[in-house]
Every structure is written in C-alpha cells, then in structure tokens.
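>>> here you go, sequence then predicted model.
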Amino acid sequence: MVATTDKIFAGSIPELYERLMVPLIFEPYARDLAARLAKTKPDAVLETAAGTGVLTRAITSVLPAQARMTVTDLNQPMLDHAKSRQPSDSRIAWRQADALALPFDDRSFDAVACQFGAMFFPNKVQGYKEARRVLKPGGHFFFSVWDRIEENDFAYVIMQALAEVFPQDPPRFMARTPHGYHDEKQIRQELKTAGFTNIAFDAVDARSKAPSPRDAAVAYCQGTPWRNEIEARGAPGLEEATNKAADAMARKFGTGAVDGRIRAFVISAS
C-alpha cells in the first residue's frame with residue numbers, strides 16, 4: 001500500500017532529488033529506456049510520473065525533429081523543476097496530470113513511458129488501463145520498477161541504519177514503495193488485466209556511485225519522501241539520522257567515493 005506521504009515531493013526535495021538522486025541511480029536507466037522507446041520510432045510520446053525530467057531529457061535527445069512529447073507528473077513542484085532543467089524545445093508540452101485519470105483522448109500516442117513511477121500508483125491496473133487507452137493501436141508502453149531493496153546496496157544499508165535510529169518505528173518508505181513492487185508474475189497479470197499483450201520483462205543491472213558516503217546519505221534521507229517519514233518521527237531529527245546513514249555507508253563502502261549495485265526491471269507491453 002502506498003502511504004500518503006510517499007507521494008509528497010515538495011519543499012527542498014525536488015532540488016536535492018535532481019542534484020543527488022538522479023546521477024546516483026536514475027541516469028543509466030533513463031538512457032536505457034529512451035533507447036528502447038526510440039527503436040519504435042514514435043511520433044507522439046506521453047511520459048507519466050516524469051519527476052524532475054531525467055527521462056524527459058533522455059527521450060528528447062533521441063526523438064526525431066517531427067515528433068512531439070507530452071510530459072506529465074502528479075506533483076507540480078517536480079514538473080516545474082523538470083521544465084526548468086529542460087532546454088527550450090517546441091516538441092514538448094508540459095501538463096500536471098494523474099496517471100490514473102489521464103486528460104487525453106483515446107488513441108492519442110504511439111508510446112507511453114514511465115520511469116520508476118508505477119510503484120506509486122495506488123491502483124496499478126487502473127494506471128495501466130489509462131496507458132492502454134491513450135495508446136494508438138500497435139502502440140508501446142515502457143516502464144521501469146526497482147528490484148527488491150536487498151538487491152540495491154545503498155538503499156538497503158541506509159534503511160538498516162535508519163532502523164537503528166528509530167527502532168520503535170523504522171521509516172519504511174524505500175522498502176514499501178520504490179522497492180515494494182517487483183514481482184514479475186504480479187506485474188504481468190496486472191498488465192494482462194489492463195488489456196496488454198506481448199509483455200517483455202528485463203532485469204537491468206547498473207552501478208550506483210557517489211563522491212562520498214555522505215552524498216549518498218543526503219540523497220536518500222533528504223532528497224526523497226524518506227525525509228517526510230524521518231521528520232515526522234522527531235528526535236533525534238533529520239540531520240542526526242542523515243549522519244547515522246552516512247556512518248553506515250562509510251563502514252560498508254569506505255570513506256572515499258562509494259560504489260554499489262543497483263537493479264531494476266524494464267517492462268514493455270503492447
């Protein structure tokens with residue numbers, strides 16, 4: 001179940017998310033997904049749950065000049081940040097929208113893309129139905145989800161550290177939502193229920209790197225909705241929790257530049 005606070009990307013979170021989280025874990029998957037999408041040669045693309053625009057930038061770099069792209073997100077602060085990071089491009093339209101109730105006509109797009117957003121859908125099947133509804137016949141839906149948290153080193157170490165800081169009520173955002181939706185059988189069935197066929201499910205491994213243990217700790221603790229959970233718990237507070245997470249990262253990966261495993265699944269359906 002997705003908690004209400006899991007979907008709040010506001011305040012300083014968008015800036016820290018873009019500056020720290022994007023290079024830490026999102027950029028290699030954006031390039032991968034954009035390359036898959038480009039092979040279908042779409043003229044009209046919809047992106048849902050765009051966040052701060054890392055996938056937007058990757059897709060527009062490979063789209064032909066005549067293509068158009070509509071970029072959406074539920075959170076206006078994230079969409080504003082994405083727009084501010086994107087060079088002026090007449091091919092792009094920006095619109096706040098809920099992926100579960102898209103404000104677009106049936107059969108409007110050749111491709112729908114969603115990087116690490118499906119986990120936040122309170123009703124996955126409804127989100128998939130909406131993607132299928134707005135796709136033209138023969139269109140493609142591309143999206144990605146994280147594997148379980150144990151397969152993603154930095155997130156797992158920091159989750160364990162936060163559990164020691166708040167032993168009575170450990171913050172579980174990262175395990176609950178970003179890393180809580182990875183069962184292939186479940187995802188395939190939900191896509192089939194939504195009307196999709198020809199489903200491909202690929203594991204994609206990459207490396208997560210940061211200049212220091214603290215950079216990674218700040219990224220996760222302060223640049224994601226984990227921050228909302230930490231601050232809601234009060235003492236010892238956000239800064240001390242971040243320090244403990246940084247200490248745990250240093251013990252595991254060393255005090256210099258850090259490097260860890262990340263794994264996600266990239267799903268395509270048509």
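Cool, got the structure. Numbering: from 1, shown residues only.
>>> and the closest residue to Q86 other than its chain neighbours, what's its pLDDT?
The shortest distance from Q86 to any non-neighbouring residue, by CB to CB, 6 or more residues apart in numbering, is to G53 (5.6 Å). (Each C-beta comes from the backbone N, C-alpha and C, glycine too.) Looking at G53, its pLDDT reads 93.
>>> so where do the strands sit in the stretch 1-150 of the chain?
Taking DSSP state E, counting those that start in this stretch, the strands of the stretch 1-150 of the chain run over residues 44-47, 68-73, 92-96, 109-115, 135-146.
>>> dump these to a markdown table, plus distance to N198 and mean pLDDT.
Compiled in a markdown table, the strands of the stretch 1-150 of the chain are given as follows (distance: least, CB to CB, whole Å; pLDDT from 0 to 100):
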| stretch | distance to N198 | mean pLDDT |
| --- | --- | --- |
| strand 44-47 | 19 | 98 |
| strand 68-73 | 23 | 97 |
| strand 92-96 | 28 | 96 |
| strand 109-115 | 14 | 98 |
| strand 135-146 | 9 | 98 |
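>>> and these as CSV, adding mean neighbour count?
Compiled in CSV, these are given as follows (neighbours: other CB atoms under 10 Å):
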stretch, mean neighbour count
strand 44-47, 26
strand 68-73, 22
strand 92-96, 15
strand 109-115, 26
strand 135-146, 20
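>>> with distance to V125 added, can I get those strands in CSV?
Below are these laid out as CSV (distance: least, CB to CB, whole Å):
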stretch, distance to V125
strand 44-47, 18
strand 68-73, 19
strand 92-96, 23
strand 109-115, 14
strand 135-146, 13
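>>> show the pLDDT at K129.
Note for K129: predicted pLDDT of 98.
>>> likewise I13?
Listed pLDDT for I13 reads 69.
>>> repeat that for V2.
pLDDT for V2: 54.
>>> can you show me the helices along the stretch 151-270 of the chain?
All helices of the stretch 151-270 of the chain, identified by DSSP state H, counting those that start in this stretch, fall at 153-165, 173-176, 184-193, 213-222, 226-232, 238-253.
>>> name the helices or strands packed onto the last one?
The one in question is helix 238-253. helix 153-165, helix 213-222, helix 226-232, strand 258-269 (3 or more CB pairs under 8 Å, 6 or more residues apart in numbering; DSSP states H and E).
>>> nearest to R36, out of the helices of the stretch 151-270 of the chain?
R36 sits nearest to helix 184-193 of all the helices of the stretch 151-270 of the chain, at 16.1 Å, using CB to CB.
>>> list of residues touching the closest one?
Helix 184-193 is contacted from outside by 124-125, 128, 145, 181, 199, 201, 265, 267, 269, using CB atoms under 8 Å, 6 or more residues apart in numbering.
>>> for stretch 254-266, same thing?
Against stretch 254-266 from outside (CB under 8 Å, 6+ apart): 25, 29, 32-33, 36, 116, 142-147, 151-154, 157, 182, 184, 187, 201-213, 216, 249, 253.
>>> buried residues in it, which are they?
Buried residues in stretch 254-266, counting neighbours by 16 or more other CB atoms under 10 Å, are found at 258, 260, 262-266.
>>> redo these as a markdown table? Include pLDDT and distance to T48.
Formatted as a markdown table, the buried residues of stretch 254-266 follow (pLDDT from 0 to 100; distance: CB to CB, whole Å):
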| residue | pLDDT | distance to T48 |
| --- | --- | --- |
| V258 | 97 | 32 |
| G260 | 97 | 28 |
| I262 | 98 | 22 |
| R263 | 98 | 23 |
| A264 | 98 | 17 |
| F265 | 98 | 17 |
| V266 | 98 | 15 |
